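Visitor: sequence and predicted structure are below.
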Amino acid sequence: MSVTDELIIEPRSGRPADACVFILHGLGADGHDFEPLVPALGLPDDLDVRFILPHAPRLPVTINGGMTMPAWYDILEANLDRRVDEAQLKASAERIQDLIRAQIAQGVPAERIIVAGFSQGGAVAYQAALTFPERLGGLLAMSTYLATADSLEPAEANRELPIEIHHGNVDPVVPEALGQAARDRLEAQGHPVHYRQYPMAHAVCPQQVADIGRWLAARLAR
């Protein structure tokens, strides 16, 4: 699995970042997919947040006829169980954890780092954030599923990590039932989860963008 660069958006204030938000894109996209989201969030001017939007490597994807495309891991079957290549998923999660460690080394406190992901990126975000050994600031899972539900071993430091789950109620790609299953599984394990449903398909809608902005501002407020 090759590793590619990351799109990094520094704080618009020009001041050094004291918080960081990772956003992981979905299958077939790249980090630029969520670049327009950053200014649309309407974050307060006094929040010095660095956004890091990593690009997934290019991999053959079984459900797409073996076509090579940007992917965090191979999807083996397009069914409700979403059978995936867990080794690749976990390798992608470890890559994100290495990027998180790099931010901590640069002076950003772990508790001011948030991991977000959409669809495939959300599955990686779940794994990366919940198994990270230091307490993070939050986890945002958008239109996604808990692909590693049966093997996930959360780190003690993040057993109370605030988790925000967003899903469209007419999503034909990742049915909402998978988002709800992730919520139920995490709540049963004692994780604090807040679930939001939107009238949309496999996408991001304006109301959701506003909600994300408010959530990030609340999580990162000093």
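Guide: Structure's in. What do you need? Numbering: from 1, shown residues only.
Visitor: low-confidence ranges, the chain, go.
Guide: Residues of the chain meeting the criterion pLDDT under 70: 1-4, 80-82.
Visitor: which SS state does Ala93 fall under?
Guide: helix (DSSP: H, G, I helix; E, B strand; the rest coil).
Visitor: from memory it sits against Ala128, does it?
Guide: Yes - using CB atoms under 8 Å, Ala93 is in contact with Ala128, at 4.0 Å. The C-beta positions use only the backbone N, C-alpha and C, and glycine is treated the same way.
Visitor: dump the residue contacts of Glu6.
Guide: Counting by CB atoms under 8 Å, 6 or more residues apart in numbering, Glu6 touches 31, 52-55, 99.
Visitor: what's it sitting at in phi/psi?
Guide: Glu6 adopts backbone torsions of phi -120, psi 150, taken as degrees, to the nearest 10.
Visitor: that one pairs with what?
Guide: Here Glu6 sits in beta bridges with Pro54, as judged by DSSP bridges.
Visitor: in stretch 33-47, what counts as buried?
Guide: Across stretch 33-47, burial judged by 16 or more other CB atoms under 10 Å covers 33-34, 37-38, 41, 43, 47.
Visitor: chain neighbours aside, what residue packs nearest to the spatially most central residue of the chain?
Guide: Residue closest to the mean C-alpha point of the chain, counted by CA atoms, centre = their mean, is Gly117 at 2.1 Å. Leaving aside its sequence neighbours, Gly117 sits nearest to Ala125 (CB to CB, 6 or more residues apart in numbering; 3.1 Å).
Visitor: mind listing the helices for the chain?
Guide: Here the chain has its helices, by DSSP state H, at 37-40, 86-105, 120-130, 176-188, 206-220.
Visitor: just name the most buried of the ones you listed.
Guide: Comparing these by mean neighbour count (mean count of other CB atoms under 10 Å), helix 120-130 ranks first with a mean of 29.
Visitor: hang on, the earlier thing: hang on, the residue nearest to the centre of the chain packs against Met142?
Guide: Yes - between Gly117 and Met142 there is a contact at 6.8 Å, judged by CB under 8 Å.
Visitor: what is in contact with these two at once?
Guide: Residues touching both Gly117 and Met142 (CB under 8 Å, 6+ apart): none.
Visitor: check the gap between Gln208 and Val170 for me.
Guide: Using CB to CB, to the nearest Å, one gets 14 Å for the distance from Gln208 to Val170.
Visitor: so what sits against both of the two?
Guide: Common contact partners of Gln208 and Val170 (CB under 8 Å, 6+ apart): Met200.
Visitor: partner residues bridging the residue nearest to the centre of the chain?
Guide: On the basis of DSSP bridges, Gly117 is bridged to Leu24, Ala141.
Visitor: which residues sit in contact with it?
Guide: Neighbouring residues of Gly117 by CB under 8 Å, 6+ apart: 23-25, 123-126, 140-142, 144.
Visitor: can you tell me, leaving aside adjacent residues, what's nearest to Glu187?
Guide: Of all residues not flanking Glu187 in the chain, Val193 sits nearest, at 5.2 Å (CB to CB, 6+ apart).
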